[in-house]
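Trainee: Dropping the sequence and predicted coords here.
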Number of protein chains: 2
Amino acid sequence: MAQVSIDSERFSRRFEAFSEIGATENGGVNRPSLSDANLEARDTLVEWLSEAGLDVRFDEMGNIFGRREGRDDDADPVLFGSHIDSQYNGGKYDGVVGVLGALECIEALNDAGETTRRPLEVVAWSNEEGVRFQPDMLGSGVYCDVFDLDYAYAREDKDGKRFGEELERIGYKGDGPCEAADLHCYFELHVEQGPFLEQQGLPVAAVEGVFGFSWLNVTFEGQANHAGPTPMDMRHDAFVATADVTRAVRRITATEGTDLVGTVGSVDVWPNAINVIPERVEFTLDFRSYDDAAVDAAVERIEREIAHAAEREGLDYEVEQIMRVDADPFDRDCIDTVVDAAETVGCEYTRLVSGAGHDANYLNKITPTSMIFVPSVDGISHRESEFTEWDDVVTGAEVLLEAVRTKAAE
Amino acid sequence: MAQVSIDSERFSRRFEAFSEIGATENGGVNRPSLSDANLEARDTLVEWLSEAGLDVRFDEMGNIFGRREGRDDDADPVLFGSHIDSQYNGGKYDGVVGVLGALECIEALNDAGETTRRPLEVVAWSNEEGVRFQPDMLGSGVYCDVFDLDYAYAREDKDGKRFGEELERIGYKGDGPCEAADLHCYFELHVEQGPFLEQQGLPVAAVEGVFGFSWLNVTFEGQANHAGPTPMDMRHDAFVATADVTRAVRRITATEGTDLVGTVGSVDVWPNAINVIPERVEFTLDFRSYDDAAVDAAVERIEREIAHAAEREGLDYEVEQIMRVDADPFDRDCIDTVVDAAETVGCEYTRLVSGAGHDANYLNKITPTSMIFVPSVDGISHRESEFTEWDDVVTGAEVLLEAVRTKAAE
């Protein structure tokens, strides 16, 4: 077998060029789903996939596929990739590393003149980030039959523009159906978005699964009165109760499950005036763990805390669990394939569980799946300052290449 | 001396008619400063003041005065009134009770054919509520030389319209200078906006002074990271620190000074997303007491709590005291005059300190001042559901009348 290897310089050149598309002043990118910058990124990717000799198509959700024939072209293909849409003023590594890393694997195989037994398909999923159109992972979600196409098309951004219309506007509403083909397996290379790899000084991780999570919307409703003449014992302060619950999140995460995390991320206060007692607060809770029982216990405990806080302040309240997703273990064989690939590459590695959701979660429903993580410096993600050492990106792509080669040979 | 008494029916008729101006569906009024509804209220008041035989004028700040000659017309007049602008969708009693109550005092004197020794002046101050143009109490503030006229004219609403231009637009920019005349004293009848009178089952209070207060703006700045992969011990969560400080406000008010109140009223969170750790929170603190030392102690303690919360979470922070107003005791003799008036009227009464600021605060700087409170049912104010029993409003006007007659006889 010929030497097959990632060309760090070519990969880097493409990555730098791609990072210019929708570049922000502070070193990030602003390429939200179906924006003009996202269109330019799509066109660039399609051009590069074609130049690499792939047969490029996009489906009715705008998911972009590039296919490389195998020796046995009727065999189920190995699919690998990620996404190229970004957060508003997000980082340039998130998603892109997985898509351009997949392209670089193809180039490496081309250089070596190696044809795999199974066909290979590189993919860039539409609307992974849920910032312009909610929910996130919409392209892979329709592909894996989690969402209906009509539901996806009807998603609106804050200006009332629909996903389906915007997809048509930028010219990426394909003719082909968005539905799962028979696949052999799926791999996704991605930045960790957490601190563990950097803390441990390791370049890659085989991802064993993804945290389950629960999202709650909470509303407290009290009484807006003047902050001066209203004595403390006559208040019905919706924000004081919110503060109580926020403190309780820390108590709960300190005592329920070692990997449990909890966050109050969004908080809106009415009437939000310096001299008026808050009448109404709407806020969100996010609990995550790889242990579903820990998530359920946290939800149960926080619901009691919400009730107690409301009782103390004399408030009405509502709690709604808007999302509950179970922990999602990846395929044992695919995980082992990544581990073996890291051994072959000769890099240090560990096994990790992902706290964040990925397109791989949905793919895992329909085909054996695993992921490869490379470090996020300071654990930072979804921000312009997101950074990964280039050598680690290259190592991640090398592991991806070996994992794909292994599975494509089966 | 002839019988001089408030005509409850006439007063009520006018109050009901006035409440129709800018009336809201839920029984309140929407007459923010210099709005078209405020103009209609001004025109109605001017008409009624004129019909009552008063010499009406308005100054360059749009403060409206109605003068009734005294037997000794060179003597310093007794000034009494309040304001007729409202909160957005506010209550119909706030301010109006004091202005129409003052007019009713004039009518009662007219009915009895009584001419006081000193001239009487009824006043309606401009822009008492600081909801459209900040700060509040702008008309009385310029009158009492707290603010410059140019400063007042340059205040902008959220659409960028200036106070001076809007005053001219509605035709209430008068020629006369807005500056304090020589006054004998000032009285203001107002709803309590707190619960004490209702709790004690009393119709009126002689107001002995107004709470001092401190307003702080606080900013916490941490790090926005993904709520999933970021472990609890690596977080720099600006909202958790805000919750800590909010709890500390309750601890401080429970232990510093018996009348101390503290409120976190306005809270803004960035990026305010369900799955992102809050990077930045800006919030306000409002501490009030009649004991200035208690306010200062509260500010000192909360500043330490803010520093500790920031240290625990690893945040940057800023604290700015944007306003510090000392407690304001009213004139002993004017307070006694109100108490004597209540005795004369034969109603039950108490002495109270106001938690809220009033035009009377500024008048107190330039002339002997006191106020008369009538109950606010459930302590509610600044809301459409603001309510005072009509009999209590009438009792308040009777006390005002007696207090004004006493001082006007001096």
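Mentor: Everything's here; your move.

Trainee: What is the burial count for residue A:314?
Mentor: Neighbour count for residue A:314, taken as other C-beta atoms under 10 Å in any protein chain shown: 13. C-beta: built from backbone N, CA, C; applies to glycine.

Trainee: Okay, the closest residue to it other than its chain neighbours and chain B: tell me how far apart.
Mentor: For residue A:314, ignoring the flanking residues on the chain, the nearest one in space by C-beta to C-beta, 6 or more residues apart in numbering or on different chains is residue A:236 at 4.6 Å. Using C-beta to the nearest C-beta, to the nearest Å, we find residue A:236 at a distance of 11 Å from chain B.

Trainee: contacting residues around residue A:236?
Mentor: Applying C-beta atoms under 8 Å, 6 or more residues apart in numbering or on different chains, we find residue A:236 in contact with A:222-223, A:277, A:313-315.

Trainee: would you list every one of the helices in chain A?
Mentor: Assigned by DSSP state H, the helices in chain A fall at A:8-19, A:36-51, A:96-112, A:138-143, A:149-154, A:163-169, A:196-200, A:238-255, A:292-313, A:332-345, A:359-366, A:390-409.

Trainee: which of those is buried the deepest?
Mentor: Stretch with highest mean neighbour count among the helices of chain A: helix A:138-143 (a mean of 28; mean count of other C-beta atoms under 10 Å in any protein chain shown).

Trainee: Next, count neighbours for the closest residue to residue A:335 other than its chain neighbours.
Mentor: Sequence neighbours aside, residue A:370 is the residue nearest to residue A:335 in space, at 4.8 Å (criterion: C-beta to C-beta, 6+ apart). The number of residues packed near residue A:370 is 27, by other C-beta under 10 Å.

Trainee: Could you list everything residue A:370 pairs with in the sheet?
Mentor: Residue A:370 has these beta-bridge partners by DSSP bridges: residue A:187.

Trainee: Can you name the residues of the stretch 1-150 of chain A that neighbour chain B?
Mentor: Counting by C-beta under 8 Å from any C-beta of the partner chain, no residue of the stretch 1-150 of chain A lies close to chain B.

Trainee: need the contact list for the residue in the stretch 1-150 of chain A positioned nearest to chain B.
Mentor: Closest approach between the stretch 1-150 of chain A and chain B, counting by C-beta to the nearest C-beta: residue A:131, at 8.2 Å. Residue A:131 sits next to A:32-33, A:87-88 when contact means C-beta under 8 Å, 6+ apart.

Trainee: Now do the residue nearest to residue A:314 against residue B:185, distance only.
Mentor: 39 Å (C-beta to C-beta, to the nearest Å).

Trainee: Give me the phi and psi angles of the residue nearest to residue A:314.
Mentor: In terms of degrees, to the nearest 10, the main-chain angles of residue A:236 are phi -130, psi 80.

Trainee: Would you mind listing the residues in contact with the residue nearest to residue A:335?
Mentor: A:187, A:206-208, A:330-331, A:334-335, A:337-338, A:360, A:403.

Trainee: The same query, at a cut-off of 7 Å, please.
Mentor: By C-beta atoms under 7 Å, 6 or more residues apart in numbering or on different chains, the contact set of residue A:370 is A:187, A:206-207, A:330-331, A:334-335, A:338.

Trainee: repeat for residue A:352
Mentor: Contacts of residue A:352 (C-beta under 7 Å, 6+ apart): A:196, A:205, A:207-208, A:373.

Trainee: now these: which count as buried?
Mentor: Buried members of these, scored by 16 or more other C-beta atoms under 10 Å in any protein chain shown, are A:196, A:205, A:207-208, A:373.

Trainee: And the furthest pair within the residues you listed?
Mentor: Farthest apart among the buried ones among the contacts of residue A:352 by C-beta to C-beta are A:196 and A:208. That separation is 12.5 Å.

Trainee: In stretch A:20-38, which residues are buried?
Mentor: Along stretch A:20-38, these residues count as buried under the neighbour rule (16+ other C-beta under 10 Å): A:21-24, A:28-35, A:37-38.

Trainee: Where does pLDDT dip in chain A?
Mentor: Scanning chain A for pLDDT under 70 picks out the ranges A:1-2.

Trainee: Give me the domain ranges for it.
Mentor: With domains defined by automatic domain parsing, chain A comprises A:8-210+A:327-409, A:212-325.

Trainee: quick one: residue A:38 and residue A:21 touch, right?
Mentor: No: with contact defined as C-beta atoms under 7 Å, residue A:38 does not reach residue A:21; the gap is 8.7 Å.

Trainee: Run the contact check for stretch A:278-285 versus chain B.
Mentor: Yes: Stretch A:278-285 is in contact with chain B by C-beta under 7 Å from any C-beta of the partner chain, via A:278, A:284.

Trainee: so how far is that stretch from its chain's centroid?
Mentor: 27 Å (C-alpha atoms, centre = their mean, to the nearest Å).

Trainee: With stretch A:263-273 instead?
Mentor: 26 Å.

Trainee: Give me the buried stretch members for it, please.
Mentor: Within stretch A:263-273, the residues that count as buried by 16+ other C-beta under 10 Å are A:263-267, A:269, A:271-273.

Trainee: Out of the residues you listed, which sit inside strands?
Mentor: Cross-referencing the buried residues of stretch A:263-273 against strands under DSSP state E gives A:263, A:267, A:269.

Trainee: For the nearest residue to residue A:399 once chain neighbours are set aside, give me its contacts.
Mentor: Distances taken as C-beta to C-beta, 6+ apart put residue A:341 closest to residue A:399, at 4.7 Å, once the chain neighbours are dropped. Residues in contact with residue A:341 (C-beta under 7 Å, 6+ apart) are A:399, A:402-403, A:406.

Trainee: rewinding a little: with distance to chain B as added columns, please give the buried ones among the contacts of residue A:352 in TSV.
Mentor: Listed next are the buried ones among the contacts of residue A:352 as TSV, based on distance: C-beta to the nearest C-beta, whole Å:
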residue	distance to chain B
A:196	8
A:205	11
A:207	11
A:208	14
A:373	9
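
Trainee: Among the contacts of residue A:370, find me the one that's closest to chain B.
Mentor: residue A:207 (11.0 Å).

Trainee: Not counting sequence-adjacent ones, nearest residue to the closest one?
Mentor: Closest residue to residue A:207 apart from its sequence neighbours, by C-beta to C-beta, 6+ apart: residue A:371 at 3.7 Å.

Trainee: Now do the one you found against residue A:335, distance only.
Mentor: Relative to residue A:335, and taking C-beta to C-beta, residue A:371 is found at 9 Å.

Trainee: Kindly report the same for residue A:384.
Mentor: Distance, residue A:384 to residue A:335, using C-beta to C-beta: 32 Å.

Trainee: Show me which positions of stretch A:156-164 end up buried.
Mentor: Result for stretch A:156-164 [16+ other C-beta under 10 Å]: buried residues A:157, A:163-164.

Trainee: between the residues you listed, which is closest to residue B:136?
Mentor: Residue B:136 has its nearest neighbour among these in residue A:157, at 38.9 Å by C-beta to C-beta.

Trainee: what's near enough to touch the closest residue to that closest one other than its chain neighbours?
Mentor: Nearest residue to residue A:157, sequence neighbours excluded (C-beta to C-beta, 6+ apart): residue A:132, at 4.9 Å. Residues near residue A:132 by C-beta under 7 Å, 6+ apart: A:32-33, A:157.

Trainee: Can you flag which of those belong to strands?
Mentor: Among the contacts of residue A:132, no member lies in strands (by DSSP E).

Trainee: what would those residues look like in TSV with distance to residue A:299?
Mentor: TSV is the format used below for the contacts of residue A:132 (distance: C-beta to C-beta, whole Å):
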residue	distance to residue A:299
A:32	31
A:33	30
A:157	30
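
Trainee: For the stretch 301-410 of chain A, which residue gets nearest to chain B?
Mentor: The minimum distance from the stretch 301-410 of chain A to chain B, using C-beta to the nearest C-beta, falls at residue A:355 (3.3 Å).
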